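*Asks:* Starting from these lines, generate the structure:
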Amino acid sequence: QVQLVESGGGLVQAGGSLRLSCAASGSIFGINAMGWYRQAPGKQRDLVAAITSGGSTNYADSVKGRFTISRDNAKNTVYLQMNSLKPEDTAVYYCNAKKVVGLPPAEYAYWGPGTQVTVSS
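*Replies:* Numbers count the residues shown, from 1 in each chain. Have a look, this model is predicted:
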C-alpha cells in the first residue's frame, strides 16, 4: 500500500499563490507517476498536472503557464506551485500516485484524502 498525505491548501485571494505538497510513504517502490487532480462541487475529478519519475510533465490546459508540478524523488514528495489563482481554481485537490506491479504488469492508483483550495474574488 501507498499512503499519500497532502498539505498546503487554504484560502487565498484571486491572483495569489499557494504551494501544495504530497508526501508518499509505504510501498513506494515502483511508483512511476504522481500528480494532482481536483474536484469542484458537483463536478467530476479532473487531472490538473502529472509528472513521471523521469520528470516528464503534463498539464490541464486551464492551468498551463500558471501551475508548475515538480517532484523530489529523494523525499518521495510531489509539489504543485499554483500562481495567478482564479476563483475557478477553487476545488478539493487530490494527490495521486500510479504504480505498476506484478507479472503481467498491473497499474494501481492511490489517492490522498484531499486538501481544500479556495480562491476568493
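
*Asks:* Quick check: buried residues in the strand ranked longest in the chain?
*Replies:* Using DSSP state E, we find that the single longest strand of the chain is strand 91-101. The neighbour-count check on strand 91-101 (16 or more other C-beta atoms under 10 Å) flags 91-99 as buried. Every residue, glycine included, has its C-beta placed from N, CA and C.

*Asks:* Could you list the alpha-carbon positions for the next helix or strand after that strand in PDB?
*Replies:* Downstream of strand 91-101, the first helix or strand assigned by DSSP states H and E is strand 106-111. Taking C-alpha atoms only, strand 106-111 is exported to PDB below (Å, rounded to 0.1, in the frame of the first residue of the first chain):
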ATOM      1  CA  ALA A 106      -0.900  -4.200 -13.500                       C
ATOM      2  CA  GLU A 107      -1.300  -0.500 -12.700                       C
ATOM      3  CA  TYR A 108      -2.600   0.600  -9.300                       C
ATOM      4  CA  ALA A 109      -3.700   4.100  -8.400                       C
ATOM      5  CA  TYR A 110      -3.500   5.600  -4.900                       C
ATOM      6  CA  TRP A 111      -5.200   8.700  -3.600                       C
END
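
*Asks:* can you tell me how far Asn76 sits from Asn58?
*Replies:* 20 Å (C-beta to C-beta, to the nearest Å).

*Asks:* can you check Val119 too?
*Replies:* 23 Å.

*Asks:* between the two, who's got more neighbours?
*Replies:* Between Val119 and Asn58, counted using other C-beta atoms under 10 Å, the more crowded position is Val119 (20 against 13).

*Asks:* for the one residue sitting closest to the centre of the chain, helix, strand, or coil?
*Replies:* In the chain, the centroid-proximal residue (C-alpha atoms, centre = their mean) is Trp36; its distance is 2.0 Å. What DSSP: H, G, I helix; E, B strand; the rest coil gives for Trp36 is strand.
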